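Visitor: I'd like to go over a predicted model; first the sequence, then the structure.
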Amino acid sequence: MVFLRGQVAQDLGGCENIGIGDAVSQTRKTMETIDTLLQEAGSEMAHVCWIVVYLVDIRHREAAYQEMGKWLKGVHPCLTGIVVSALARPEWLVETEVTAVIPD
């Protein structure tokens, strides 16, 4: 199993925030990072079985979920969406946790 802690729209190398003010761009960067981390762990998006998404504004829900769907074509994980008052940094709009199960 692979457990990825909350990922945000931040460059892994330089810690630069990506897509400030844009929930779709932030979701795209978050999913890109998740894809990279899963591959590094010997997994892939097809192995994702659980996602928890934290949004600071319910109005971002549809756009964020649409972007996530592009990364999860043919994958149908359990998904929990939670609206929170804030994330660790005020510029972050979306944070995503993932659990994946690597088949034998």
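Guide: Arrived safely. Residues are numbered from 1 along each chain as shown.
Visitor: only C-alpha atoms for contact and neighbour calcs from this point on.
Guide: Noted.
Visitor: what's near enough to touch residue 80?
Guide: Counting by Cα atoms under 8 Å, 6 or more residues apart in numbering, residue 80 makes contact with 51, 52, 53.
Visitor: can you give me phi and psi for it?
Guide: phi -120, psi 130 (degrees, to the nearest 10).
Visitor: follow-up on the earlier one: out of the contacts of residue 80, which is nearest to residue 95?
Guide: residue 53 (5.8 Å; Cα to Cα).
Visitor: count the neighbours of the closest one for me.
Guide: 20 (other Cα atoms under 10 Å).
Visitor: and it, which helix or strand is it part of?
Guide: strand 48-55 (DSSP states H and E).
Visitor: ok so, going back, looking at the contacts of residue 80, which one is closest to residue 102?
Guide: Closest to residue 102, out of all of these and judged by Cα to Cα, is residue 51, at 15.2 Å.
Visitor: how close does that closest one get to residue 38?
Guide: With the distance defined as Cα to Cα, to the nearest Å, residue 51 ends up 13 Å from residue 38.
Visitor: neighbour-wise, which of the two wins?
Guide: residue 38 (23 against 18).
Visitor: does that one count as helix, strand or coil?
Guide: Classification of residue 38 by DSSP: H, G, I helix; E, B strand; the rest coil places it in helix.
Visitor: how about it: what's its closest non-neighbour residue?
Guide: Nearest residue to residue 38 in three dimensions, chain neighbours excluded: residue 44, at 5.3 Å (Cα to Cα, 6 or more residues apart in numbering).
Visitor: so what does the one you found have for phi and psi?
Guide: In terms of degrees, to the nearest 10, the main-chain angles of residue 44 are phi -160, psi 170.
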